[in-house]
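# Using only what follows, build the 3D model:
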Amino acid sequence: MTDLFDAGLALGAGGTLAEFNRAGNLDAADVHVASCLGRLAGETDPEVLLAVALAVRAPRTGSVLVDLSRIADQLAGAADQADPVGDTPEPDWPEPEGWRTRVAASPLVASGVLHLEGTNLSLDRYWRDEQLLGASLEARSTPFPGVDGAVLEDGLDRLFRPAPGAGPDLQRRAAATAVLRRFTVVSGGPGTGKTTTVARILALLHEQAPATGGRPPLVALAAPTGKAAARLQEAVRQSAAGLDCPPAVREAVAGAAASTLHRLLGSQPWASTRFRHHHDNLLPHDVVVVDECSMASLSLMARLVDAVRPDARLILVGDHEQLASVEAGAVLGDIVGPAGTGTATGAMAEAVVVLRRRYRYEGAIAELASAIQADDGDATLAVLRGGAGDVVWLEPDQDTGPLREAAVAAGTALRAAAVGGEDRAALDELGRFRLLCAHREGPFGAAAWRALVEGWLGEAGAGPGPGGRWYPGQPLMVTGNDYDLGLWNGDTGVVMTRPEGRLEAVFDRSAGVLACSPGRLGRVETIYAMTVHKAQGSQFDTVAVVLPEPTSRILTRELLYTAVTRARGRVILVGSEESVRAGVGRPIARASGLRGRLWGEA
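Just a heads-up that it's a prediction; the model follows:
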C-alpha cells in the first residue's frame, strides 16, 4: 500500500519517473526538478527525463555527473539509494547507446542546461565548475620564475635536518616543490607533519623575498571551517617557534592569520555561492595555503581558484584518503589521483607530494588506520582484538562501560572548568573526548547517543538541569555562519557560569575568547556526540566511534578511516564484526570528470 506521507514519494508523478521513484532510485526532488526542466524546454521523452532526474540526483549524493552506461549497475547496490515503496519491482533501464543518443538530441543539452560528454551527463553549474578548476590547475602547473636556488638549498638544509636511516625526506621535497612551483599539493594522514611543513614553506618563501629583490609575501591561510582554520593558525604559530631561521622570518611566519575559505573570499550573506573576490576582483595575496582540502566542495574550490592571482602560489593541504565534502565532488582525491600511489608522471605529478611517515602517533591507532586504508578487514579486526590500551573494541553484546567512563570523566571535567569560570581550561577540555557517529538520526545516530551521554552526565551531576536550554559545561558547535557575532560554521564553544550567576557562551579565538549570551546564538547544537563529517578538521585525546548496521549506506572505508584518525591517544570502537568488515571493504564512489581532465583517466 502506498504511504502518502512518504517524503521521498513524488506524488502526482507518472510514467517512467514514477516507476524509478517508487523503486527507490530517485527522490521526490529529483523527479520534480526533472519534470519542471522538461516542461520549460518542451522535453517529453520519458527516458530523457529519467536521465535529467539522475543528473539532478548526482550532486545530492556527492557526485558531479551520472554515467548513463553504468548507472544501472551502480544503483543496483548503491550505498545512497532510497528505500523502495512497498514491493515495487526494479524497473527496466533504457538501453545505454540508444539512451545516450536520445539525450544528445534533447533541447536541454542543446541549450546548455545539461552537458553530455560521451555517456557522462551533468548539470551546467557543475560542468562549468569542473572546467574552471581543471583549467586553472593545469595553467598553474608550471615552475615559479625567479627563485634563488642557493638561498632555497641553504634554507632546506637548515629547516630539514635528516635523521640517520630515515629514508627520503618527503617533507623537504614538499617544501621545495612549494617554493619552485605555482601550485603544490601536500597530502598525508594525521601526524605526518603537514602543518609543520607549511610553517617551513612560509619561512622559505620569506627568505626568498630579499634574495630576489621582492617584498615579503602576503600570505593567506584558510580552511573550510572555523575550527580547522583555528587549528591551522595555532599549529603554524607553534611550529614557527622552533624554526632555524632569522628572527624576523620566524616572527612573520608566526603572525600568519587563518580564516575560513568563505571569509577569505568575502562571503555574501545573501548569496551562498557568490563572493566579493573573483576573477574580476582577485585576492591580493602572494601565497594562499588551504588546509583540510578534502572537506572542500567542487563549487568552493572553483570559486577559490577563480579568485587567486595567476602569479600567486597556491598550496593545497589535506588527506586525500579522508571523507570528501558533504557537497558534490571529491576534489582533493581527484587532484592527487594516481600521484597518491606514485604511478603518475608529468607536471601535475610533480606538484603532488604525499607524506607517509607518521610523527605524532604510532602504536595500535596507526596500525588500525593503515589496515583500514589497505582494505584489509582481517588486519583491521586483528588490531581491534589485540588488546592494546589505545584501541578498545566493544561488540554489540558487550558492556559499554569503557565508553561511559570516558564520556562521564570528560563531561565532569568540562563542567568543573565551566562552573569555575576557567574559560581557557574549559575550551581545552573540549579536545579531551568526542563520540562520533555515522548518522545524525536513528539508534546509531548522533542525536540518540547525545541524549544517552547527557543522561549519564545527569546521573553524575554534570549534565543539564531540570529546565532551560542552556547549562554550565554544555559543549556547543555552531552549524551556520553568524555574521553579527562573528561566529562561523564549525566553531566550538562552552557555556560558562559567571560570578553573578548568569550564563555565557565562549568560543576559541587566536587573540583569546569570544563571549556572548547563549540566547543570542542562532544555529548551534550540543556536541556530546556528533557525525564523523562534522569532526573533520578536529582531533581529540579519546574518540569513541559508533558504527551502524553493516547495511548502512553511509558506512564506508573513508568514514571509518576518518573517524579513527580523529584520535590522538585512544579509540573506543562500538560495532559488530560485520559492520567493521563492511566499512573497510566499501570505498566511497563519487562520479566526476575532474580526475579524467587532470590525469587522462576515467
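# For the stretch 351-500 of the chain, just list every one of the helices.
363-373, 377-384, 401-419, 423-429, 446-459 (DSSP state H, counting those that start in this stretch).
# Could you name the helices and strands sitting against the last one?
Helix 446-459 makes packing contacts with helix 401-419, strand 433-437, strand 529-531 when contacts are defined by 3 or more Cβ pairs under 8 Å, 6 or more residues apart in numbering; DSSP states H and E. All C-beta atoms are positioned from the backbone trio N, CA, C, and that covers glycine.
# can I get the helices of the stretch 351-500 of the chain in TSV with distance to G501 and mean neighbour count?
Rendered in TSV, the data for these read as follows (distance: least, Cβ to Cβ, whole Å; neighbours: other Cβ atoms under 10 Å):
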stretch	distance to G501	mean neighbour count
helix 363-373	42	21
helix 377-384	47	18
helix 401-419	11	20
helix 423-429	17	19
helix 446-459	21	18
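# the residue most distant from the middle of the chain, which is it?
For the chain, the C-alpha farthest from the mean C-alpha position belongs to E500; by Cα atoms, centre = their mean, that distance is 40.7 Å.
# give me phi/psi at that one?
For E500, the backbone dihedrals (degrees, to the nearest 10) come out as phi -80, psi 10.
# Likewise for V574?
Torsion angles at V574 (phi, psi; degrees, to the nearest 10) stand at phi -110, psi 120.
# Near it, how many other residues are there?
One way to gauge burial is a neighbour count; for V574, by other Cβ atoms under 10 Å, it gives 22.
# List the beta-bridge partners for it.
Taking DSSP bridges, one finds L394, V546 as the beta-bridge partners of V574.
# mind listing what it touches?
With Cβ atoms under 8 Å, 6 or more residues apart in numbering as the criterion, the residues that contact V574 are L394, P396, T400, L403, A544, V545, V546, L547.
# Now, of those, which are buried?
Members of the contacts of V574 that pass the buried threshold by neighbour count (16 or more other Cβ atoms under 10 Å) are listed as L394, T400, L403, A544, V545, V546, L547.
# Take those and lay them out in a markdown table including pLDDT and distance to V584.
As requested, the buried ones among the contacts of V574 are exported to a markdown table (pLDDT from 0 to 100; distance: Cβ to Cβ, whole Å):
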| residue | pLDDT | distance to V584 |
| --- | --- | --- |
| L394 | 94 | 18 |
| T400 | 86 | 22 |
| L403 | 93 | 21 |
| A544 | 96 | 19 |
| V545 | 96 | 13 |
| V546 | 95 | 16 |
| L547 | 95 | 11 |
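# Can you show me the strands along the stretch 451-600 of the chain?
Using DSSP state E, counting those that start in this stretch, the strands assigned to the stretch 451-600 of the chain run over residues 475-478, 492-497, 503-509, 512-516, 524-526, 529-531, 540-546, 567-574.
# Which one, of these, ends up nearest to P216?
Judged by Cβ to Cβ, the one of the strands of the stretch 451-600 of the chain that comes nearest to P216 is strand 503-509, at 25.1 Å.
# Check the gap between the residue lying closest to H533 once chain neighbours are set aside and R440 for me.
Leaving aside its chain neighbours, H533 sits nearest to V326 (5.5 Å; criterion: Cβ to Cβ, 6 or more residues apart in numbering). For V326, the distance to R440 equals 11 Å [Cβ to Cβ, to the nearest Å].
# Of the two, give the one with the bigger neighbour count.
With other Cβ under 10 Å as the criterion, V326 and R440 differ in neighbour count, and R440 comes out ahead with 16 against 12.
# What's the separation between the more buried one and A446?
R440 is 5 Å from A446, by Cβ to Cβ.
# any residues in contact with both of these two?
Where contact means Cβ under 8 Å, 6+ apart, the residues bridging R440 and A446 through contact with each are T531.
# helix or strand for the residue nearest to H533, which one?
When elements are defined using DSSP states H and E, V326 is found to belong to no helix and no strand.
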